[in-house]
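Participant: Here is a sequence with its predicted model. Questions after.
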Amino acid sequence: MKVASLALPVPVFQEFSYFLPSPLDDTVRVGSIVEVEFHQRLLMGLVCALQVRNEENLKPILRIVPVSPWGEKQMDWAKRLSKIYFLPLGEIAQLFFPPCLPSQWKFLEQRVFTQDGESRWDIPSGGRNLFIFRETFRVSSRTWQKLLKEGLVRLERERTFPQESSFPEKRFFWWRILFTESRRQWCLEMIENAQRERRKILLVFPDFHSLDSFEAFIRKRCPLLRVIKYDSRLSAKKRLLAFRLVEEGEYDLILGTRLALFLPAFDLYYHVIFDPEEKGHFSDQIPRYSALRVLYEKLRIKGGELHVVGIVPPLGIAHFLREGEFEERDFPENNLPKRKTVKTITYESRKQRLVLAPPIREEIARVTAQGASVLLWVQKMGYASALGCGECGFYYMCPDCEVALRYHLDSKFLWCPRCGRKVEPADACPICRGTLWENWGEGLEKVHAEIQTIFPKHHTLRIDSEMFVEGQELLESKTPYIVVGTSAILREELLRRSALLVVVSLESWLYLSDFNAREEFYVKWGKALQLLGVDVALNTQVFVQGSKEAITRMGQFLKSWREFYSEGLEKRRVLGYPPFGYLLRIIGESRNKDACLLVLKSLQEELEKKGMTVIGPFPGSGFRKRGRWKEELGVCFPEQDLEAVFETVVSFLPYRRREGITWDIEVDA
DNA sequence: AGCACGCCGACT
DNA sequence: GTCGGCGTGCTC
């Protein structure tokens, strides 16, 4: 009996065996995608191994999914991603599977040919995939029947699918390109180049807005180019069409979001990713991954060129540039970043209860009076970081997460910034019955409210990450505006048209628990500094407001990236922290605290036996569901130990959920 | 994950 | 007396 070992998209570190029924046994090979029944449902799976043995009670493979089987390098790439992200191979493989549309598979399996002389449809002599044909020409079923009957078209079984190709060389580049118009110009040059070399390009964007505007530009400038756009907004059918067209090689350029990384583009040479630090390049749900890392791993295995385009290199790229793995490139730009003065200012005496120091208010008045706009950059959403009693010192805390609840004046509710729990504040203090409420810390709403009080006649705008900023709308409005917002305001259109940027509270960026917080702030800040005021005639200014202590640490953010990163990178090198090694957090969540600890302790022992440095177990930080406990273990290890750590961790936690414990593995690499 | 099975509260 | 909440267990 022929038996196949399958990687299935389930959160289990295990492969599953199915037998190959005789009609399939010589078509299925390692790398094929097949459909099977698994626990009362149908799943697609990747064939990882084939062998001949006798085993009872195996279910059969139902059919082959009509897509290209994976080659060796594709397999290596997926296996590598599975290792570095500590995810089951099946969950990685699922990213590469076509959208599930079994009703369409019968069309994917056939190819159309036209009789000589039939020119109504543009079908090459090699024929065309029937699914592509149906979707592009939308022939009604009646016409189709007629065509078949009259012998004007004929069908054949789809021939072998295209094979993967790879390139012997791999090159990595960092381009510092500030402005959209320069980036477009740069792309045109790259397209021209690629066309000459008969090579194909993938452009990866962090959000729909930049993707759409780029698409419009490219379609206008290069009308003959075969462009494929791919993102989550496409319907399943459109996605499958794009998938199949790419597989067939019927394209010159793919424009997409991170989902496009997983298209079966076997002949792709140029890979471009814009603004790699942007949130959109990271998947925040399982399987969690970073678009840049996925591309990097692909190139290491399959070769090609990777061009990273941004303004300030994030930590990982800075590391690669220092090590010489990435080459730094400059693109000549017509626009130049503007000279600007950066002023720091400490808070007014706390008695005044105003967020913005007087010099800042004066500057806002001066700038807006001259018709230019102002950006106020705030880190926290909501009104205040805490709400409490002015008499006894009580303040609201999340009963689950043990952090202060954030007060939203808009909705008159308290929200937990960790778990999203909603609490309605009482009229009087629940401890001392006092009615003198007090709030601490400045959020977006408070800053905006203050701006409205000080400048009642100005146009003001409040923007947080939830809202989509329509740049066009603002550009068309003639009046100056004052924008108060979170990092969502650091958009090119807004920055270029503003003459003043205010960092409202520097310490709120410095004291975040994330150990990359400083570096993340530097990248955002650097981008803002470069783009600010470019389209404004006025002198541009930046105000940074913060506590005395925070302001003394401001100097580092004015350094060049090489200087800024050098100290932090040296520290990380010594400790073996990312990007020099892997930092793993193994988090168990359970209603039984001891159950987690028991497993973590024995895992720790096992890892230590193998010579790894393990920290913990210690209580997990952050979000905790009602009545549940979190315990976590930290492991830091170099590249050469990845295999060993993976094997150990996986043997201890083969299931993401078992015996009342939910496991999560976070990887920083 | 997602689906079954099982064990307790509010309803025709 | 059943519908349906979710807490556990298992998947070739």
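Facilitator: Yes, it's here.

Participant: all contacts plus neighbour counts: C-alpha atoms, from now on.
Facilitator: Noted.

Participant: The longest strand along chain A: partners in the sheet, and parallel or antiparallel?
Facilitator: When every strand of chain A is counted residue by residue (DSSP state E), the longest turns out to be strand A:41-52. Within its sheet, strand A:41-52 is paired with strand A:2-7 (antiparallel), strand A:33-38 (antiparallel), according to DSSP bridges.

Participant: residues in contact with the helix or strand just after the first one?
Facilitator: This points to strand A:2-7. Stepping forward along the backbone from strand A:2-7, the first helix or strand reached (DSSP states H and E) is strand A:16-19. With contacts defined as C-alpha atoms under 8 Å, 6 or more residues apart in numbering, strand A:16-19 is touched by A:1-8, A:58-61.

Participant: Now do the buried residues in strand A:16-19.
Facilitator: Residues of strand A:16-19 classed as buried by neighbour count (16 or more other C-alpha atoms under 10 Å): A:17-19.

Participant: Stretch A:530-546 too?
Facilitator: Burial within stretch A:530-546, assessed by neighbour count using 16+ other C-alpha under 10 Å, is assigned to A:530-536, A:540-546.

Participant: re the thing from before, out of the contacts of strand A:16-19, who's nearest DNA strand B?
Facilitator: Sorting these by distance to DNA strand B puts A:Leu8 at the head of the list, at 9.8 Å, by C-alpha to the nearest atom of the strand.

Participant: Pull out the buried positions in stretch A:482-493.
Facilitator: Buried residues in stretch A:482-493, counting neighbours by 16+ other C-alpha under 10 Å, are found at A:482-490, A:492-493.

Participant: Quick check: end-to-end length of it?
Facilitator: 14 Å (C-alpha to C-alpha, to the nearest Å).

Participant: quick one: it to chain centroid distance?
Facilitator: Stretch A:482-493 sits 20 Å away from the centroid of its parent chain (C-alpha atoms, centre = their mean, to the nearest Å).

Participant: Any stretches of chain A with poor pLDDT?
Facilitator: Within chain A, the set of residues satisfying pLDDT under 70 comprises A:116-119, A:160, A:348-353, A:383, A:399-402, A:418-421, A:465-478, A:621-627.

Participant: what does the domain assignment say about it?
Facilitator: Annotated domains of chain A cover A:2-97, A:110-157, A:170-330, A:341-380+A:441-565, A:582-668 [automatic domain parsing].

Participant: If you tally nearby residues, what's the number for A:Gly151?
Facilitator: A:Gly151 has 12 neighbouring residues, counting by other C-alpha atoms under 10 Å.

Participant: Likewise for A:Ala386?
Facilitator: When counting by other C-alpha under 10 Å, one arrives at 23 neighbours for A:Ala386.

Participant: ditto for A:Asp212
Facilitator: With other C-alpha under 10 Å as criterion, A:Asp212 counts 15.

Participant: Helices along the stretch 351-500 of chain A, start to end?
Facilitator: If you assign secondary structure with DSSP state H, counting those that start in this stretch, the helices in the stretch 351-500 of chain A sit at A:358-369, A:444-454, A:471-476, A:492-496.

Participant: What of the stretch 1-150 of chain A?
Facilitator: Along the stretch 1-150 of chain A, the segments classed as helices by DSSP H, counting those that start in this stretch run A:72-84, A:89-96, A:105-108, A:130-137, A:141-149.

Participant: Return the most buried member of those.
Facilitator: Sort the helices of the stretch 1-150 of chain A by mean neighbour count, taking mean count of other C-alpha atoms under 10 Å, and helix A:89-96 sits at the top with a mean of 22.

Participant: Okay, angle between that one and strand A:2-7 too, please.
Facilitator: With axes from the mean of the first three to the mean of the last three C-alpha atoms, to 10 degrees applied, the angle from helix A:89-96 to strand A:2-7 works out at 80 degrees.

Participant: Residues in contact with helix A:89-96: which ones?
Facilitator: Applying C-alpha under 8 Å, 6+ apart, the contact partners of helix A:89-96 are A:7-11, A:13, A:44-46, A:78-79, A:81-82, A:262-264, A:287.

Participant: repeat that with 7 Å
Facilitator: Where contact means C-alpha atoms under 7 Å, 6 or more residues apart in numbering, the residues beyond helix A:89-96 that reach it are A:7-10, A:45-46, A:78-79, A:82, A:262-263, A:287.
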